[in-house]
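Give me the fold of what follows.
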Amino acid sequence: MSEKPSPLDELNSTGLFAFTRLFADLPAPDLTSIHGTWHAAFVGPAWLRWLAPRGLSLLHFGGWWGKEISSDGTGFNYFQRSGEMQHAFPMQVMITASLIDSKPCLAVHYPPDAIFPWRFVVDELRHVDEGSLLGLTIVNKPGLRTFPTPFLLTHV
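Below you'll find the predicted structure:
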């Protein structure tokens, strides 16, 4: 009997432009189901998995490790830097209509005074399975909403 592929394996064989269709078929989590620590992985084509961490380094997100989300809708991002875990970039998490397909999703928003470009960024989340969330990072500006960048969060 063969093992079922992990969500990471499946997502890494998914083309970049297929993620919005995949995301549309996934259920939205509620705040109580996502409380906790989530480890991030870049997903999609190999070139994107190579480029994403380098690009984030240019945008003050170098060493991004994942997210901590509280059931009250607050949270922050974890970073692995200089051999230690740090947290920064506070966030607010809420159920809202997706910028991708107008269906419910869990949306991560950064404060209006967050450093550029994060005040314009929304991470939308939906369940892949009980322990995994597919995230799409969207720059919430006209013309840029059509280029979401995928990532996977796995509950730790």
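
Assumed Arg49 was part of a helix.
Yes. Under DSSP: H, G, I helix; E, B strand; the rest coil, Arg49 falls within a helix.

Could I get the contacting residues of it?
Asn12, Phe42, Val43 (Cβ atoms under 8 Å, 6 or more residues apart in numbering). For glycine as for every other residue, the C-beta is placed from the backbone atoms N, C-alpha and C.

mind checking how far it is from Phe79?
Between Arg49 and Phe79 the computed distance is 18 Å (Cβ to Cβ, to the nearest Å).

now, which of the contacts of Arg49 lie within helices?
Per DSSP state H, helices hold the following members of the contacts of Arg49: Asn12.

Do you have the strands of the chain handy? List them.
Ranges of strands in the chain, per DSSP state E, are 36-42, 64-69, 74-81, 84-97, 104-109, 121-129, 132-139, 149-155.

which stretch among those comes nearest Ala28?
Nearest to Ala28, of all those, is strand 104-109, at 4.1 Å by Cβ to Cβ.

Please name every helix or strand in contact with the closest one.
Using 3 or more Cβ pairs under 8 Å, 6 or more residues apart in numbering; DSSP states H and E as the contact test, the elements touching strand 104-109 are strand 84-97, strand 121-129.

for the chain, which spans come out with low pLDDT?
Across the chain, residues meeting the criterion (pLDDT under 70) sit at 1-5.

show me the contacts for the residue most central in space within it.
Central residue of the chain (Cα atoms, centre = their mean): Gly135, 3.3 Å from the mean position. Gly135 makes contact with Ala40, Val108, Asp123, Glu124, Leu125, Pro150, Phe151, Leu152, Leu153, according to Cβ under 8 Å, 6+ apart.
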